[in-house]
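J.: based on what follows, work out the 3D shape:
(one chain, ligands or ions: 1)
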Amino acid sequence: MKHFSIVTVLVIILTVLVYLLLQSVGLLPIQASSQAIIIDQLFDIHIGIIAFLFSLIVVFIGYSLVVFRRKNDNFDEEGRHFTGSSKLEIVWTVIPLAVVIFISYIGAISLAETRKIDPQALSVDVTGGQWYWSFYYPDYDITSDTLYLPVDRQVKLSLTSADVIHSFWVPEFRVKQDVLPGENLVKELRLTPIETGDFMVLCAELCGGAHAYMNSPVKVVPDYEFKDWIDEQLGNIPQDPISIGERLAKNNGCFACHSIDGNDGVGPTWQGLYGSEKTLVSGETLLVDEAYLHEAIVNPNGQIVSGFPANVMASNYGEIFSDEEINNMIEFIKSLE
Ligand code: CUA
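T.: Model prediction:
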């Protein structure tokens, strides 16, 4: 019983150490979809079980080698003889059975969770072929070689193959689906990106010579960027200075402080700003013209309008925007009479 207690303690210690080690080596890439979180929980449980089984075997072998080694030179001495143990057999049948049933239970729950249907999902038809991926957006009639996805919105991928079996896999999303040829074999895969950024669709099924190069970019972007991309693809994104200026203002968060409806926010409203007279904190009065607007964007703390706080607006817009972009934004402000 003394041996058993020592071994139990050693198994627990080694299990914890191996588990922490496996957790710390970063086996998995970032979790970029809500499905990834669910799947990683399963990985986590498996890593725990693996750490325990490894420790169970290694500790028993190691302990036996050290503690029960032969202590004399009598090579003819026989070990203790025993036959079978029903108790042990029941234990090593019931425990693994319980573990397997537990894993299938949480596996089934997780599977249902990753496949949960959101009626608002964006539809994308995916075609894999030797050797490319192609993405078709039926709602917009757009075809793309890049998978553009809005963040925090579920996508319903309908996958098919133009030739042989491929497999759609984005490691950061943790989901993978075989892609089969044949119209009645369209597979469905749902995922909800939760991180913006650039990822890569890989092909995870050997499909011929260029299998290893069957990659396509995945871009997860904020919703407004996705809409801009759709507009761009449809060729109906206006390219006049006022529209460009409006998009720049919208996409860079200017409207958080500057309204366009006449109500002052943290900063002065842009409606009717151009051509108006403003009193500055310094007391002097000034006509808002193009030169002042330019200065106010590039050097926002230089000439603060009376009644508004200083040091609120970032002062690096002169570096972020080109002169042309600044001029476009000024054109947009001028249009807001
Ligand atoms: Cu397609 Cu491998």
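J.: list the helices and strands the helix or strand of the chain with the lowest mean pLDDT packs on?
T.: Here the helix or strand of the chain ranked lowest by mean pLDDT, DSSP states H and E is helix 317-320, holding a mean of 81. Counting contacts by 3 or more Cβ pairs under 8 Å, 6 or more residues apart in numbering; DSSP states H and E, helix 317-320 is packed against helix 290-298. Quick note: C-beta positions are derived from backbone N, CA and C, even for glycine.
J.: all helices for the stretch 51-200 of the chain, in order.
T.: In the stretch 51-200 of the chain, helices defined by DSSP state H, counting those that start in this stretch lie at 86-114, listed in chain order.
J.: residues contacting the closest residue to the ligand within the stretch 51-200 of the chain?
T.: When you check the stretch 51-200 of the chain against the ligand by Cβ to the nearest ligand atom, the closest residue turns out to be His166, at 3.4 Å. For His166, the contact set (Cβ atoms under 8 Å, 6 or more residues apart in numbering) comprises 128-129, 178-179, 203, 205, 207, 214.
J.: mind running it again at 7 Å?
T.: Taking Cβ atoms under 7 Å, 6 or more residues apart in numbering as the contact definition, His166 lies against 128, 179, 203, 205, 207, 214.
J.: the ligand contacts on the stretch 151-300 of the chain?
T.: Near the ligand, the residues belonging to the stretch 151-300 of the chain are 166, 203, 205-207, 211, 214 when assessed by Cβ under 6 Å from any ligand atom.
J.: can we see that at 8 Å?
T.: With the criterion set to Cβ under 8 Å from any ligand atom, the stretch 151-300 of the chain comes near the ligand through 164-167, 179, 203-208, 211-212, 214.
J.: below-threshold pLDDT in the stretch 101-250 of the chain: ranges please.
T.: Applying pLDDT under 70 to the predicted model, the residue ranges of the stretch 101-250 of the chain that meet it are 236-237.
J.: picking that back up, from the residues of the stretch 151-300 of the chain next to the ligand, list just the buried residues.
T.: Among those, the ones that count as buried by 16 or more other Cβ atoms under 10 Å are 164, 166-167, 179, 203-205, 207, 211, 214.
J.: what's the neighbour count on Tyr317?
T.: Residue crowding around Tyr317 was assessed by other Cβ atoms under 10 Å; the count is 18.
J.: ok, it touching Ile297?
T.: Yes - counting by Cβ atoms under 7 Å, Ile297 is a contact partner of Tyr317 at 5.2 Å.
J.: show me which pair in the contacts of His166 is furthest apart.
T.: When Cβ to Cβ is used, the two most widely separated members of those are Val179 and Met214, lying 10.6 Å apart.
J.: which residues of the stretch 201-337 of the chain fall in strands?
T.: With strands called from DSSP state E, counting those that start in this stretch, the stretch 201-337 of the chain shows them at 216-221, 277-279, 285-287.
J.: tabulate these (TSV), appending mean neighbour count and distance to Phe255.
T.: Conversion of those to TSV gives the following (neighbours: other Cβ atoms under 10 Å; distance: least, Cβ to Cβ, whole Å):
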stretch	mean neighbour count	distance to Phe255
strand 216-221	20	19
strand 277-279	13	20
strand 285-287	12	24
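J.: picking up where we left off before, would you mark the buried spots in the least confident helix or strand of the chain?
T.: Along helix 317-320, the positions that meet the burial threshold by neighbour count (16+ other Cβ under 10 Å) are Tyr317.
J.: mind pulling up the pLDDT for the residue nearest to Ser276 when sequence neighbours are not counted?
T.: Excluding the flanking residues, the one nearest Ser276 by Cβ to Cβ, 6 or more residues apart in numbering is Val288, at 5.3 Å. The confidence metric pLDDT takes the value 88 at Val288.
J.: quick one: contacts for Val288?
T.: 273-276, 278.
J.: for Val16, see how far away it is.
T.: From Val288 across to Val16, the span is 67 Å (Cβ to Cβ, to the nearest Å).
J.: again, but for Asn251
T.: Computed with Cβ to Cβ, the distance linking Asn251 and Val16 is 48 Å.
J.: how about Val25?
T.: Counting by Cβ to Cβ, the gap from Val25 to Val16 is 16 Å.
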